[in-house]
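Student: Here is my input, please return the structure:
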Amino acid sequence: MGNSSLASIIVPIYNTRGYLEACVNSLLGQTYENLQIILVDDGSTDGCGQLCDAFAQKDPRVQVIHQKNNGVSSTRNAGLDAARGDYVYFMDSDDQVTETMVEESVAVMEAEDCDLCVWRMLLRDEGDPSKSRYSGCPKTIFFQFSTVREKQKFLSRWILNNRLDWSACCQVFRRKIIEEHHLRFISGQKIYEDIDFFFRYAAHCRNIRNIPKPFYIYRQHTSSTMHTSDVQSCVVWKLRLARVWKDTLSDHAPFQPIYAFCGVILSSLLIKGFPRTAAEREERALILRCYLVEEEDREWLLEQARMAVGDRAEILRICGLPLGLRVWGFYKSLLSGNISDFYRAFWLQACCAALLDLERRLISAIKGEPH
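Tutor: Here you go, the predicted model:
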């Protein structure tokens, strides 16, 4: 490969001195050499800023930005403002990547004229390596969108339903699309900011390619944001994201009706399987009540729920039968205040999902394909 296209890699950094050197070295060791490595020090107090400056002195591909602590969204946005590459990657400062990540993904982007490539992630458990696992889709898939309906189905059933990994670190973006559509991370959004960026970006893509390789190594440890967020916090941030979508995306065709897409995200906290004990039922009922704690959020959410319950056919067309039933059941349970309404729909969803899985297995068996 000629390495003619510039790839910008943005690394937000805050007090990860013990991991930072391994992270940056995994980027400097890439087989693809035409890189702009943007290290954004978000007001670190543990010496990360000085370590970043030392890397910049040793390698001209490294660029350092120092800013006051303002969170990961602001840090990534600062990196986007400085990026000059044809392609944009994001990486967390306590993780690592395989040495061919950029070379292999750029090759696919250019050979197949892709707007977005996604790949798998190795979730490495720092406390117990035997619990490490892979996320993302294990198959090579090429998604092509020719109609708004096809785009809607993909956004709801693949992105928001997490069949492709949500993490911005598992994707390579075209900077041209980011800048043409003024895409940035939501300032102040502490969790789920990756879902939002992925969701908005994909809405502008002609096609998307999944590469079934684990290029990214995510180190799971107790200080990770998602590990320190309780259920109430998750509810708060999901509601905040849903309200931002309602305010900013409702008038755009791929996102209509917006409550169908919001429902996929909001209902996901309840899908832990059918509750079989009184304790499990009470746990889910508590989650449902969390959505209705704040009066302002409650009134807004109930308004969305009333529209959604009366529009089941459209929700099913966008989300498909199993997922659509889950979304519709979630809104119905909000209106009634009874978690049983959600699980009656969830039971139907589980039956539909089982039938669809059986159908896929039968088709694979007929074709002689592995399951």
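Student: hey, where'd the helices end up in the stretch 251-371 of the chain?
Tutor: According to DSSP state H, counting those that start in this stretch, the stretch 251-371 of the chain carries its helices in the segments 258-267, 278-290, 295-309, 312-319, 321-336, 339-367.
Student: Any buried residues in stretch 4-22, and which?
Tutor: Applying a neighbour-count criterion of 16 or more other C-beta atoms under 10 Å, one finds 6-17, 19-20 buried in stretch 4-22. Every residue, glycine included, has its C-beta placed from N, CA and C.
Student: Need the max-distance pair from those residues.
Tutor: Across those, the longest distance by C-beta to C-beta is 29.5 Å; it joins 6 and 15.
Student: Validate this expectation: residue 143 resides in a helix.
Tutor: No: with DSSP: H, G, I helix; E, B strand; the rest coil as the criterion, residue 143 is strand rather than part of a helix.
Student: and the closest residue to residue 304 other than its chain neighbours, how many neighbours?
Tutor: Taking C-beta to C-beta, 6 or more residues apart in numbering as the measure, residue 304 lies nearest to residue 259, with 4.5 Å between them; neighbours along the chain are not counted. Burial of residue 259 is recorded as 25 neighbouring residues (other C-beta atoms under 10 Å).
Student: One more: residue 92?
Tutor: Summarising burial for residue 92: neighbours were counted as other C-beta under 10 Å, giving 21.
Student: what's the answer for the one 5 residues further on, then?
Tutor: In terms of burial, residue 97 registers 21 neighbours under the definition other C-beta under 10 Å.
Student: and the closest residue to it other than its chain neighbours, how many neighbours?
Tutor: Taking C-beta to C-beta, 6+ apart as the measure, residue 97 lies nearest to residue 26, with 5.1 Å between them; neighbours along the chain are not counted. Residues contacting residue 26 under the criterion other C-beta under 10 Å number 18.
Student: residue contacts, the closest residue to residue 167 other than its chain neighbours?
Tutor: Nearest residue to residue 167, sequence neighbours excluded (C-beta to C-beta, 6+ apart): residue 194, at 5.3 Å. Residues touching residue 194, when contacts are defined by C-beta atoms under 8 Å, 6 or more residues apart in numbering, comprise 166-169.
Student: mind redoing it with 6 Å?
Tutor: For residue 194, the set of contacting residues under the criterion of C-beta atoms under 6 Å, 6 or more residues apart in numbering consists of 166-168.
Student: do residue 166 as well
Tutor: Residues counted as contacts of residue 166 (C-beta under 6 Å, 6+ apart) are 194-195.
Student: can you tell me the helix or strand for it?
Tutor: Under the assignment given by DSSP states H and E, residue 166 is not contained in any helix or strand.
Student: Find me the pLDDT at it, would you?
Tutor: In this prediction, residue 166 carries a pLDDT score of 84.
Student: for the stretch 151-300 of the chain, what are the low-confidence residue spans?
Tutor: Low-confidence regions of the stretch 151-300 of the chain, defined by pLDDT under 70, span residues 221-229, 272-276.
Student: Which stretches in it count as strands?
Tutor: Secondary structure of the stretch 151-300 of the chain (DSSP state E, counting those that start in this stretch): strands located at 171-174, 207-220.
Student: CA atoms of stretch 113-125 as PDB?
Tutor: Taking C-alpha atoms only, stretch 113-125 is exported to PDB below (Å, rounded to 0.1, in the frame of the first residue of the first chain):
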ATOM      1  CA  ASP A 113     -15.600   2.900  -1.800                       C
ATOM      2  CA  CYS A 114     -17.000   2.700   1.800                       C
ATOM      3  CA  ASP A 115     -18.400   5.600   3.800                       C
ATOM      4  CA  LEU A 116     -17.800   3.700   7.100                       C
ATOM      5  CA  CYS A 117     -16.000   0.600   8.200                       C
ATOM      6  CA  VAL A 118     -16.700  -1.100  11.500                       C
ATOM      7  CA  TRP A 119     -14.800  -4.000  13.200                       C
ATOM      8  CA  ARG A 120     -14.800  -6.200  16.300                       C
ATOM      9  CA  MET A 121     -13.300  -5.500  19.700                       C
ATOM     10  CA  LEU A 122     -11.600  -7.700  22.200                       C
ATOM     11  CA  LEU A 123     -12.900  -6.900  25.600                       C
ATOM     12  CA  ARG A 124     -10.000  -7.900  27.800                       C
ATOM     13  CA  ASP A 125     -10.900  -8.400  31.400                       C
END
